[in-house]
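Chemist: Sequence and predicted structure are below.
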Amino acid sequence: MMICKAASKLTALAALVCAGAPPARAESGWSLLNMTPGVTEISRKIYDLHMLIFWVCVVIGVLVFGVMIYSIVTFRHSKGAVPDTTMVHNTRVEIIWTIVPVAILIAMAVPAARTLVEIEDLRNTQLTIKVTGYQWGWNYEYMGQGVSFFSRLDRESDAARQLGSGIDVASVPHYLLNVDNPLVVPVGVKVRLLITAHDVIHSWWMPAFGVKKDAIPGFINEAWFLVDSDKTGLYRGQCAELCGRDHGFMPIVVDARSQADFSSWLKAKATEQKQQQAAPPTAQTAAASPPTG
């Protein structure tokens with residue numbers, strides 16, 4: 001059992017490393033080494049699928065290596081074992097070791113396919129947000145709502161990351177995982193994302209929502225999430241595609257609010273941006289300037 005637990009932790013750690021970004025929330029201990037269930041129904045289904053496939057692989061690994069180790073120990077030369085020098089053919093055995101793996105793969109494919117279909121089910125969305133990746137930040141546009149803004153690395157993290165800044169990064173809250181303008185969304189509402197990029201390929205990754213979708217210039221990819229009604233709060237992710245020298249300084253923060261709070265925020269933000277549009281061109285440019293490297 002201890003070997004299985006260690007294998008689980010090492011496998012999950014490798015997944016995090018390959019994803020190219022740290023976990024979304026601050027935790028300690030072994031809990032950092034595995035996926036988390038998240039705060040959406042689809043993220044929990046992805047987590048359950050992950051654990052199901054993992055344990056199937058663990059069982060297969062234990063059986064295969066168990067047979068190998070038993071054979072090596074039991075039938076070794078020092079115990080008088082003599083290798084078979086003739087060609088041995090057993091039709092029954094060959095049929096069994098062909099059918100069993102095929103059956104296992106089919107059994108694994110069914111829940112995987114079901115989850116993949118749900119991930120792509122964009123029906124009945126209630127809010128659409130266009131997400132555009134820039135080097136190095138994000139633009140969020142609430143379609144049909146008159147609200148659009150850029151989200152960049154927050155000033156404290158940006159100052160601390162500079163070479164020779166002298167700032168202790170441990171003193172900066174959520175270092176490199178905080179932004180100046182988080183994406184604000186309502187809980188209990190199915191949100192549709194239209195994801196693209198302005199310059200190079202980025203990837204919008206929010207682990208707690210079970211969403212990771214590439215942002216490709218000239219293309220629009222779609223994704224969705226529906227945060228549980230009782231899961232208001234801040235959730236953190238990052239760009240998960242190597243998009244240039246400041247790739248590591250391109251966090252994502254989502255502020256999930258109650259539907260009433262979100263409606264009030266959206267109305268106030270729309271009013272504010274209308275006033276900015278009526279302002280002189282210099283003020284408009286400053287308010288809508290894209291991220292710069």
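Modeler: Sure thing, it's come through.
Chemist: need the helices for the stretch 151-293 of the chain, in chain order.
Modeler: Using DSSP state H, counting those that start in this stretch, the helices assigned to the stretch 151-293 of the chain run over residues 155-161, 259-277, 281-287.
Chemist: now do the stretch 1-150 of the chain
Modeler: 2-19, 41-74, 91-119.
Chemist: Spit out the contact partners of the residue sitting furthest away from the middle of the chain.
Modeler: Within the chain, the residue lying farthest from the chain centre (C-alpha atoms, centre = their mean) is G80, at 54.4 Å. Not one residue lies near G80 by C-beta atoms under 8 Å, 6 or more residues apart in numbering. Glycine gets a C-beta too; all of them are placed from N, C-alpha and C.
Chemist: Looking at it now. What's its pLDDT?
Modeler: pLDDT recorded at G80 is 81.
Chemist: Next: the one 5 residues further on.
Modeler: Here, the pLDDT recorded for T85 equals 72.
Chemist: what about it, neighbour count?
Modeler: 5 (other C-beta atoms under 10 Å).
Chemist: returning to what we had before: and of the helices of the stretch 151-293 of the chain, who's closest to A240?
Modeler: helix 155-161 (18.2 Å; C-beta to C-beta).
Chemist: ok, now how distant is the residue nearest the centre of the chain from T36?
Modeler: When C-alpha atoms, centre = their mean is applied to the chain, the residue found nearest the centroid is P207 (3.7 Å). The gap separating P207 from T36 is 7 Å, by C-beta to C-beta, to the nearest Å.
Chemist: can you check L127 too?
Modeler: Taking C-beta to C-beta, one finds L127 at 25 Å from T36.
Chemist: and if you look at K231?
Modeler: From K231 over to T36 (counting by C-beta to C-beta), the distance is 13 Å.
Chemist: And for W138?
Modeler: Applying C-beta to C-beta to W138 and T36 gives a distance of 23 Å.
Chemist: again with I106
Modeler: From I106 to T36 the distance is 29 Å (C-beta to C-beta).
Chemist: again with V211
Modeler: For V211, the distance to T36 - C-beta to C-beta - is 14 Å.
Chemist: go on, M250?
Modeler: Relative to T36, and taking C-beta to C-beta, M250 is found at 22 Å.
Chemist: Looking at the two, which one has more neighbours?
Modeler: M250 (27 against 16).
Chemist: Got the phi and psi for that one?
Modeler: phi -130, psi 60 (degrees, to the nearest 10).
Chemist: so who does P217 touch?
Modeler: P217 neighbours (C-beta under 8 Å, 6+ apart): T196, A197, H198, D199, V200, I201.
Chemist: Give the bridge partners for it, please.
Modeler: Beta-bridge partners of P217, counted by DSSP bridges, are A197.
Chemist: any chance you could map the strands in the stretch 101-250 of the chain?
Modeler: 127-134, 137-142, 147-151, 183-186, 191-197, 202-206, 211-215, 221-225, 233-239 (DSSP state E, counting those that start in this stretch).
Chemist: The ones you listed: which one's closest to R76?
Modeler: Closest among the strands of the stretch 101-250 of the chain, using C-beta to C-beta: strand 211-215, at 47.9 Å.
Chemist: so for the closest one, what's the average pLDDT?
Modeler: 96.
Chemist: Now do that strand against strand 137-142, angle only.
Modeler: Computed by axes from the mean of the first three to the mean of the last three C-alpha atoms, to 10 degrees, the angle separating strand 211-215 from strand 137-142 equals 110 degrees.
Chemist: Parallel or antiparallel, which strands does strand 211-215 pair with?
Modeler: In the sheet, strand 211-215 lines up with strand 202-206 (antiparallel) (DSSP bridges).
Chemist: Please state the offset of the partner strand from the chain centre?
Modeler: Counting by C-alpha atoms, centre = their mean, to the nearest Å, strand 202-206 is centred 7 Å from the centre of its parent chain.
Chemist: If you count neighbours, what's buried in that strand?
Modeler: H202, S203, W204, W205, M206 (16 or more other C-beta atoms under 10 Å).
Chemist: Compute the inter-axis angle for it and strand 233-239.
Modeler: Using the same axes, to 10 degrees: strand 202-206 against strand 233-239 is 150 degrees.
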